[in-house]
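# Quick one: sequence plus predicted model below, questions after.
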Amino acid sequence: MRDVTAGSESVLELLPMVFADPGEARARAEHVLRAAPSPLHASVAHQVLGIWQRDFGDLRIALRHLRRARDLAARAESADREADVLATLGVALVHAGRTRQGLASFERGVARGSGHTRARVLYRRAYVWWVLGRHREALEDVRRALPVLRQAADDIWTARALTLRATVHLALGAVDRAVADFTAAERLWETTGQEHDKADAVESRGLAAFRSGDIPAALRLLDEAEERYAKLGTPTYNLSIRRCEVLMAAGLAPEALAEADAAIALLDRIGGQSTRKAELLLAASWAARSAGDAHTAIARAAVAVRLFAAQRRSWWETHARLVLLEARVAAGRRSGRMVGDAAAVAGRLASFGSPAAPEASLLAGRIALALGWTADAERHLAVAARSRHGGPPTARMTGWVAQALRARAAGSRRGVLEACRRGLDVLDDHRMTLGASELRAHATAQGAELAALAQEVTLAQGGPRRLLGWSERWRATVLSTPPARPPDDPALLSGLTAYREIAARAEAARMAGRPVPALDREQRRLEREIRSRTRHMGGAAADAGDRLDMGRLLDRLGDGRLVELAVVDGRVHVLLCGQGRVRRFAGGSLAEAAAEAEHVQAGLRRLAHPGADARLPLVEAAGRRLQELLLAGAVPHLGPGPVVVVPPGALHRVPWALLPALRERVLSVSPSAGSWLRARETAPPPDDGRPVLVRGPGLATCGAEVSELADRYGAATVLEGEAAQVPRVLAELDGACLAHLAAHGTFRADSPLFSALRMADGPLIVHDFERLARSPYRIILSSCDTARLASVGADELLGLVTALLPLGTAGVVASSAPVNDAAVVPLMLSLHKGLGAGLSLAEALRDARAVLPGDAVHQATGWAFAAFGAA
């Protein structure tokens, strides 16, 4: 270590170093104190240690160092040194929740300092004003400090001041001003070695990207900032707060809640800043409320309100009160006092210039409507509705929801539908900026209320055709356009390769009865890395896909029928399309049908094993009950032709072939009428090519059907043993006309895009399929659970099947339940026999079921498989 006690200049270098190389600065400061320094040098060393503890360690220790630094500066009789320490101490006191003492320290610092030093003190007080939510005072102090810092050619502190001013502009919704300041600051940072400040600048640009509505860029920049902080070994509490906000906007509330809670636990463990804890509690409460956990939201928000109030942070306290009120309403509480409280919060937020003010006015209007106070509701909703014409997508969505509620209260059906249409158009534009199918799916949750309002009004006053149009408007939107194809990112490709190897080793260890926790941890880490990198993709589509053309749909159906199940206020409505018209029939309760479907799934799981024949009548009886609930009066009108069933996400696990009216029909399933129509109109590859047959490891029958199919097709491409590795399988699948994959399937409810088929070198996951230029025209997945899907967002489905449909696949055969491997073999052989005779997947599957043996195992196997799409 070089001699840092040689002179004042070398000791003073420790102060900028604490934000360039925090660990080295701390070590050097401790070395200075061991060398019996002068009061001036000791003051600097204690200040450096205080800054390190304040930002990265224990705030109580920080305050001890900083008070010692202040006393030593006074002994050294250096007014500027004392002013500088007083400013650092003021920041620490405010972060400790001692706002009055912190501001008093700044008053003394401003009075003691002069010129350049006073400008630095003013910058730090501006930072404290921002922490306290007093944005006008923050801008005023930055205005006073910047000319002096520029005149002194102090690039580091000028860049800090510009970054702070940009952050304040973001809090006030002035995104363009913020971007200009961030850009100017970044040019200055490039001339310095301030690595921590540079990381903070990247984090701030992520926040600016988010405020501009670019969620993929925001996630990419925040991840980059986190990598920079990790290299410096510094905590990332502020980044966690910002990432929570972005994750929330992306519809990933549970993930945001987990991030906030983890940061709070770490902060508590090291005794960190109480200001940061309050902000994290606010983020956690907001996330819990959006995740549907009202009680957790109330608990977190109540603590945040108390902390902000004690810290004299009115701006933050008011935002926490908004979340607390929203959570209480979500928990079922309504009262006249709450209307007044929400209106008061809206007024205070408006006075602060907060973009959240319309949300509070909307809340006041909702509560008033629930109480029947129509005049009060109209007043508050009118204020909220003003935001529909400008600002970020979330603010405009708030405005259109308010406008729709106003129109409904006024009895204007046309007004409700226009507001719903305009609001969903805003969300469509936002959704299409997202490249990852996961983000697109989750983002639709923000439009669920508008879609439900439109369907409710249409059911009451419109015809079945209109109800179908609105049912389709916000159903399976992810399938309307392909996801952005992942770039040829070497880091992503190496991550996918590493994931396959680690996942294969971890599974082998578990199957051997000797799980290795280190492998499981590494698998989870790689999953996080892959997930993060795919979320960085921006959307490439210019629009949100075609709207459903009703005439084209009815024409393409021919003599068949399409049954779309719309859900309005918890009840199923059967929309029967065919013969040139749409008819509506009343169904049963969605909750009852979903519960019955789970009972059926349990029965099919048992029937997959020999000896459970006694369960067969029970499963068949459940099929009859499902038919009563889901098809009801439509059954006599199904006609003799093919039937397409379009269920809501909550019913995707219904084995439709079990229902008596559908058992002997040509039956296919589709996530939406629009996706069926697109599949129907998807042309097969110009060259049929050779079928691709893949046999993965570990099947009870060793994928016996693959050998017979290879003999039958003759010229098929067969991948088995070591040849059935993911890169080779993907290369052969790309653009194939027909593919058959006999491989163990694994469904991941917690992370559906990591659902997988087991290959020789590890799992073939959904993220791998999304790298295909064109997925196979027809694909048959002959193992368990390959048709299981996760219902997310408003009414979106994520999983293997839905990943394939927008990538060029027109038809899929897959199972929604565990199946008996031996019973699958004759079903698959019969299915391919039908395909060889020119039948569609749905026709071939119907005929294959018909020739299965009549025992319980084979019957259950036939019911578990479904044909998706229209090929």
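Ah, there it is.
# How about the contacts made by Gln446?
Residues in contact with Gln446 (CB atoms under 8 Å, 6 or more residues apart in numbering) are 251, 394, 397, 427. All C-beta atoms are positioned from the backbone trio N, CA, C, and that covers glycine.
# and the first one, that's in a helix?
No. Gly251: not assigned to a helix; according to DSSP: H, G, I helix; E, B strand; the rest coil it is coil.
# Phi, psi for it please.
phi 80, psi 20 (degrees, to the nearest 10).
# now Ser290: how far from Ala260?
Separation of Ser290 from Ala260 (CB to CB, to the nearest Å) stands at 12 Å.
# between those two, who's got more neighbours?
Legend: neighbour count by other CB atoms under 10 Å for Ser290 and Ala260, higher for Ala260 (27 against 24).
# what's the closest residue in space to that one that isn't next to it in sequence in contact with, if anything?
Residue nearest to Ala260 in three dimensions, not counting chain neighbours: Ala284, with 3.7 Å by CB to CB, 6 or more residues apart in numbering. For Ala284, the contacting residues are 244, 257, 260-261, 264, 296, 300, by CB under 8 Å, 6+ apart.
# Please repeat the previous calculation with a cut-off of 10 Å.
241, 244, 256-264, 296-297, 299-301, 303-304, 323 (CB atoms under 10 Å, 6 or more residues apart in numbering).
# Can you check my assumption that it lies in a helix?
Yes. According to three-state DSSP, Ala284 belongs to a helix.
# And it, how far from Arg414?
41 Å.
# So what's the residue count around the residue nearest to Leu172 when sequence neighbours are not counted?
Distance criterion CB to CB, 6+ apart; nearest residue to Leu172, sequence neighbours excluded, is Gly353 at 4.7 Å. Neighbours of Gly353 under the rule other CB under 10 Å: 14.
# My guess is Gly353 contacts Ala171. True?
Yes. At 8.1 Å, Gly353 counts as touching Ala171 under the criterion of CB atoms under 10 Å.
# quick one: common contacting residues for those two?
Going by CB under 10 Å, 6+ apart, residues that sit against Gly353 and also against Ala171 are 135, 315.
# can you pull the pLDDT of the residue nearest to Ala260?
In this model, Ala284 is scored at 95, pLDDT.
# helix or strand right after the lengthiest helix in the chain?
As assigned by DSSP state H, the longest helix anywhere in the chain is helix 490-511. Sequence-wise, the next helix or strand downstream of helix 490-511 (DSSP states H and E) is helix 517-535.
# Any regions of the stretch 401-550 of the chain where pLDDT drops low?
The model of the stretch 401-550 of the chain has pLDDT under 70 over residues 476, 478-479, 481-487, 539-546.
# mind redoing it with 50?
542, 544 (pLDDT under 50).
# Can you select the buried ones among the contacts of Ala284 for me in ChimeraX?
A single ChimeraX command selects the buried members of those (16 or more other CB atoms under 10 Å):
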select :241,244,256,257,258,259,260,261,263,264,296,297,299,300,301,303,304,323
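# How about Val110, nearest residue that isn't a chain neighbour?
Using CB to CB, 6+ apart, the closest residue to Val110 is Val121 (5.5 Å).
# neighbours around that neighbour, how many?
Neighbour tally, Val121, other CB under 10 Å: 28.
# For it, what are phi and psi?
Here is the backbone geometry of Val121 (degrees, to the nearest 10): phi -60, psi -40.
# I figured it hits Ala79, correct?
No. Taking CB under 10 Å as the definition, Val121 is not a contact partner of Ala79, at 11.5 Å.
# Between those two, which contacts overlap?
111-114.
# Relative to Gly340, how far out is Ala871?
Distance from Ala871 to Gly340, by CB to CB: 60 Å.
# swap in Thr374?
Thr374 is 17 Å from Gly340, by CB to CB.
# And the most centrally placed residue in the chain, its phi and psi?
The chain has Leu252 as the residue nearest its centroid, 3.1 Å off, counting by CA atoms, centre = their mean. Leu252 adopts backbone torsions of phi -110, psi 60, taken as degrees, to the nearest 10.
# if we can go back for a sec, list the helices and strands the longest helix of the chain packs on?
Contacts defined by 3 or more CB pairs under 10 Å, 6 or more residues apart in numbering; DSSP states H and E place helix 490-511 against helix 517-535, helix 726-733, strand 756-759, strand 762-765, helix 766-769.
# Now distance to Asp687 and mean neighbour count too, for those, in TSV please.
Below are the helices and strands packed on helix 490-511 laid out as TSV (distance: least, CB to CB, whole Å; neighbours: other CB atoms under 10 Å):
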stretch	distance to Asp687	mean neighbour count
helix 517-535	31	17
helix 726-733	14	19
strand 756-759	26	25
strand 762-765	25	25
helix 766-769	22	23
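# which one of those lies closest to Ala385?
helix 517-535 (32.2 Å; CB to CB).
# Next secondary structure after that closest one?
helix 550-557.
# Contacts for that next one next, please.
Here helix 550-557 has contacts from 465-466, 468-469, 472, 546, 549, 562, 577-582, 641-644, 673-674, 676-677, 680-681, 870, using CB under 10 Å, 6+ apart.
# What's the ChimeraX line that selects buried ones from those?
Typed into ChimeraX, the next command selects the buried ones out of the contacts of helix 550-557 (criterion: 16+ other CB under 10 Å):
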select :465,466,468,469,472,562,577,578,579,582,642,643,644,673,674,676,677,680,870
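# Inside helices: which ones of the contacts of helix 550-557?
Using DSSP H, the contacts of helix 550-557 in helices are 465-466, 468-469, 472, 673-674, 676-677, 680.
# Could you dump the residues you listed into JSON lines with distance to His767 added?
Listed next are these as JSON lines, based on distance: CB to CB, whole Å:
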{"residue": "Arg465", "distance to His767": "39"}
{"residue": "Arg466", "distance to His767": "38"}
{"residue": "Leu468", "distance to His767": "33"}
{"residue": "Gly469", "distance to His767": "33"}
{"residue": "Glu472", "distance to His767": "28"}
{"residue": "Ala673", "distance to His767": "28"}
{"residue": "Gly674", "distance to His767": "25"}
{"residue": "Trp676", "distance to His767": "25"}
{"residue": "Leu677", "distance to His767": "27"}
{"residue": "Arg680", "distance to His767": "28"}
